[in-house]
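In: Turn this into a structure:
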Amino acid sequence: MKSTANRSGILRRFGLWLVFALVTSVLMVVSPTFRSSANLENILEQNAIIGIVACGMAVMMISGGFDLSVGAVGATTSVVGAVVAGRGHGALMTIGAGLAAGIAVGVANGILIAKVRINAFVATFAMASIVSGLLFVATGAESKQGVTPLLESAANARVAGIPVIFAVFVCCLLAVWFLLTRTKYGHYIYSVGGNAEASHLSGVPVQRVQIFAFAMGGLLAAGAGLLLLGQTLVGQPSAAADWPLEAIAICVVGGIALTGGVGRIEDVLAATLLLGVISNGLNQLDVSPYWKPAVTGLVILLAVVIDRYSRLHNGAGRGSRNLPASTAPGAPTTTPLTPSAST
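Out: The predicted model follows:
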């Protein structure tokens, strides 16, 4: 029984990585072009930006919400960055203006959801429409040119064959991992996502935590938008439209519950790489691009079914919401909840 439980625990913890390794190995065997170093580097580069967005989405989903406006934030940030850089300002001003725009949208979403108590779907969908509409009006639906050398290098340079943009993604992921597993606010995020009412009764500042989670999502989406600007060299109002659903898909495949309170950020890395490898592998095998959405949807469904099966048969798998937040997977276990006067 003990060995069976150990094997089950190993599969829950490393199952996604094993699937990633299996899929990658199969594609390396069947496609010589897939296993080329240039193609493997491209996979890392092509999926870094959406991986950064998924890190922010993971924080919001663990807190019990999600954000459909991250694409609008990315597009807005790329345009703002292009305009600021095009006027001759340096990297600090360009990056600061872009990140400020993303944080502002994230905070606005958080206030609508936490204080006004609007459903996350409605609030963020409306915010995406508002931001996108204003962006198209302000730009006349035209792209804006302008980028700083720093952003261009961060988005396109390589060090020892590793894309710098992928290193930026890993740094963002490590920062989110530290936040979620080593800080009091990370503990609060799991607690609020698991049971907001109980968290409030325990003294957790629920509203501040929710606003903070959406601000983090806006910050990371803005960072991704700036890197997109570095890649394309233009700010496009129509860019990043697919980001919300792609980021949610990565989080779901990574085992982050749509209901909140559950998830490990390291699995977001595995899910990002897995979906990226599948997409690239289909291209290398000359499979019709029309199959890509179907295959991606199938992977998402399989991930949800497997996660659900794990919950039912193991009780405390990575998808369990019945654990207190302090023992949820990936949550800090040493910081007790402390009363706070503000909610």
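
In: Could I get the buried residue list for the helix or strand hosting Y185?
Out: Per DSSP states H and E: Y185 is located in helix 184-194. Neighbour-count burial for helix 184-194 flags 185-194 (criterion: 16 or more other Cβ atoms under 10 Å). C-beta: built from backbone N, CA, C; applies to glycine.

In: ok, which stretches of the stretch 51-200 of the chain are strands?
Out: Listed in chain order, the strands of the stretch 51-200 of the chain (DSSP state E, counting those that start in this stretch) span 144-145, 158-159, 162-163.

In: In the buried residues of helix 184-194, find the pair that's most separated.
Out: Y185 and G194 (14.8 Å; Cβ to Cβ).

In: Run the chain-centre distance for the helix holding Y185.
Out: Here helix 184-194 is found 17 Å from its chain centre; the criterion is Cα atoms, centre = their mean, to the nearest Å.

In: and which of the buried residues of helix 184-194 is nearest L282?
Out: Looking across these and measuring by Cβ to Cβ, the closest to L282 is G193, at 33.7 Å.

In: Going along the chain, name the helices of the stretch 1-150 of the chain.
Out: Remark: helices assigned in the stretch 1-150 of the chain by DSSP state H, counting those that start in this stretch are 2-30, 37-62, 70-86, 91-114, 120-139, 149-156.

In: what's the most buried one of the ones you listed?
Out: Across these, averaging neighbours per residue (mean count of other Cβ atoms under 10 Å) puts helix 70-86 on top, at a mean of 28.

In: helices or strands next to that one in the packing?
Out: helix 37-62, helix 91-114, helix 120-139, strand 144-145, helix 206-232, strand 234-235, helix 243-253 (3 or more Cβ pairs under 8 Å, 6 or more residues apart in numbering; DSSP states H and E).

In: export these to JSON lines and tack on mean pLDDT?
Out: Putting the helices and strands packed on helix 70-86 into JSON lines (pLDDT from 0 to 100) gives the following:
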{"stretch": "helix 37-62", "mean pLDDT": "97"}
{"stretch": "helix 91-114", "mean pLDDT": "98"}
{"stretch": "helix 120-139", "mean pLDDT": "98"}
{"stretch": "strand 144-145", "mean pLDDT": "96"}
{"stretch": "helix 206-232", "mean pLDDT": "98"}
{"stretch": "strand 234-235", "mean pLDDT": "96"}
{"stretch": "helix 243-253", "mean pLDDT": "96"}
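
In: right, so of those, which gets closest to T259?
Out: helix 37-62 (9.0 Å).

In: Which other helices and strands does that closest one contact?
Out: Helix 37-62 packs on helix 70-86, strand 162-163, helix 164-182, helix 184-194, helix 206-232, helix 243-253, helix 265-284, going by 3+ Cβ pairs under 8 Å, 6+ apart.

In: repeat that with 6 Å
Out: helix 164-182, helix 206-232, helix 243-253, helix 265-284 (3 or more Cβ pairs under 6 Å, 6 or more residues apart in numbering; DSSP states H and E).

In: that older thread, R35 is nearest to which of the strands of the stretch 51-200 of the chain?
Out: strand 162-163 (17.0 Å).

In: avg pLDDT for that closest one?
Out: Here strand 162-163 scores 96 as its mean pLDDT.

In: which non-adjacent residue is nearest T124?
Out: Nearest residue to T124, sequence neighbours excluded (Cβ to Cβ, 6 or more residues apart in numbering): L68, at 4.2 Å.

In: measure the one you found to F178 for me?
Out: Here the criterion is Cβ to Cβ, to the nearest Å. By it, L68 lies 27 Å from F178.

In: likewise S36?
Out: 35 Å.

In: just curious, which of the buried residues of helix 184-194 is nearest to P293?
Out: G193 (28.7 Å).

In: quick one: pLDDT of the closest one?
Out: Looking at G193, its pLDDT is 97.

In: The nearest residue to it once chain neighbours are set aside: what secondary structure?
Out: Excluding the flanking residues, the one nearest G193 by Cβ to Cβ, 6+ apart is G260, at 3.0 Å. Recorded secondary structure, G260: coil (DSSP: H, G, I helix; E, B strand; the rest coil).
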